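Peer 1: Turn this into a structure:
(one chain, ligands or ions: 1)
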Amino acid sequence: MSSSTLIATRKSPLALKQTEMVRARLAETLPQEEFANLELTTKVDERLNWSLEKRGGIGLFTKELEDALLDHRAELAIHSAKDMPTVSPEGLAIAGYLPRARVNDVLVHRNDCPIPQTIATSSPRRRAQLGILFPSAEWTTIRGNVGTRLRKIAEGECEASLLAAAGLDRLEIESYPGLNFIELPVHQVVPAPGQAAIAVQCRSEDFAKYENLFCAQTQLAVTFEKGFLQRLGSGCQIPVGAYYKAGLFRVFHPEVGHQEFKITLESMDQIEPELDAIMKVLKL
Ligand SMILES: NCc1[nH]cc(CCC(=O)O)c1CC(=O)O
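Peer 2: Presented below is the predicted three-dimensional model:
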């Protein structure tokens, strides 16, 4: 009988790369343990014609992996923190996060369209914020993994789209024939809560085994950003950006626009009171 600890992951190149990164961390911190992948296909991977917006988006990428944990088919599951619902399902917990990578979004446009007129994104957050920079742009949608999206833009399905820098970095994509990449500063396009963080999920009863293996700074920041989103009633269709780093919390919300708060987070106990104070100021 195999004694490997199984790690549930999606099969996209980005998901597999992220899982490899977690496994490298686990190999350092739990060297005596053997790990293997349980590679799963989720409904969103199968049905590229599904509109993420109409289906409620968040949760679609994570459900099949969470079911594998709950059914004891896997011990850990790896997700992009950005794709996770704000509240963990009953019985599951987040063991931790890898240190965060580049958090920005990147505008990817065709070289022959420096001021794109049609921009494709399924993300209301990206549309709302980039719409301020490109007020006359028309918006369409795009689906597929990172490589597919780049190909669709290059082939002319749209003139531009947005991608997370973290995804491009992890896939080591620095350029693409016919396309130009522009990193958008976080004060212009505030990243999604949890963007660029890789989350390691486990069953609640195993939490103590894994809890100290990962990045405490990233856990603090992502918990804060997700907590903010949750207070807005989450439904991921509100175009919300939230990003905490080193004493500064940036938010974007359509009713209050871009706002920033000087906050220094040092412990998890600070999260709820700081969020209380922010919600009061923003009157949301
Ligand atoms: N929903 C897709 C998704 N989820 C996480 C990432 C990028 C990696 C990350 O933010 O950690 C992406 C692709 C993208 O937005 O370009």
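
Peer 1: what is the mean pLDDT for stretch 26-39?
Peer 2: Stretch 26-39 carries an average pLDDT of 96.

Peer 1: same deal with stretch 204-212?
Peer 2: 96.

Peer 1: can you check stretch 93-102 too?
Peer 2: On average, stretch 93-102 scores 96.

Peer 1: Likewise for stretch 111-125?
Peer 2: 94.

Peer 1: Can you confirm whether it lies near the ligand?
Peer 2: No - residues of stretch 111-125 are not located near the ligand by CB under 6 Å from any ligand atom, the shortest gap being 7.3 Å. In short, each C-beta sits where N, CA and C put it, glycine included.

Peer 1: Now that stretch - C-alpha only, CSV.
Peer 2: Only the C-alpha atoms of stretch 111-125 are listed here, as CSV (Å, rounded to 0.1, in the frame of the first residue of the first chain):
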residue,chain,number,x,y,z
ASN,A,111,1.0,45.4,-30.3
ASP,A,112,-1.1,46.9,-33.1
CYS,A,113,-3.7,48.2,-30.5
PRO,A,114,-1.8,50.3,-28.0
ILE,A,115,-5.1,51.9,-26.9
PRO,A,116,-7.4,48.9,-26.9
GLN,A,117,-11.0,49.5,-27.7
THR,A,118,-12.3,46.0,-26.8
ILE,A,119,-11.0,44.5,-23.6
ALA,A,120,-11.9,41.0,-22.5
THR,A,121,-12.2,40.0,-18.9
SER,A,122,-14.7,38.0,-16.8
SER,A,123,-13.7,40.0,-13.7
PRO,A,124,-16.1,42.8,-12.6
ARG,A,125,-13.2,44.1,-10.4
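
Peer 1: From the rest of the structure, what touches it?
Peer 2: With CB atoms under 8 Å, 6 or more residues apart in numbering as the test, stretch 111-125 has contacts from 51-53, 57, 107, 109-110, 127, 130, 134, 136-143, 152-153, 157-162, 178-180, 190, 192, 237-241, 252.

Peer 1: In strands, which of those fall?
Peer 2: Among the contacts of stretch 111-125, the members falling in strands (DSSP state E) are 107, 109-110, 138-140, 160-162, 179-180, 241, 252.

Peer 1: Nice, that's everything, thank you.
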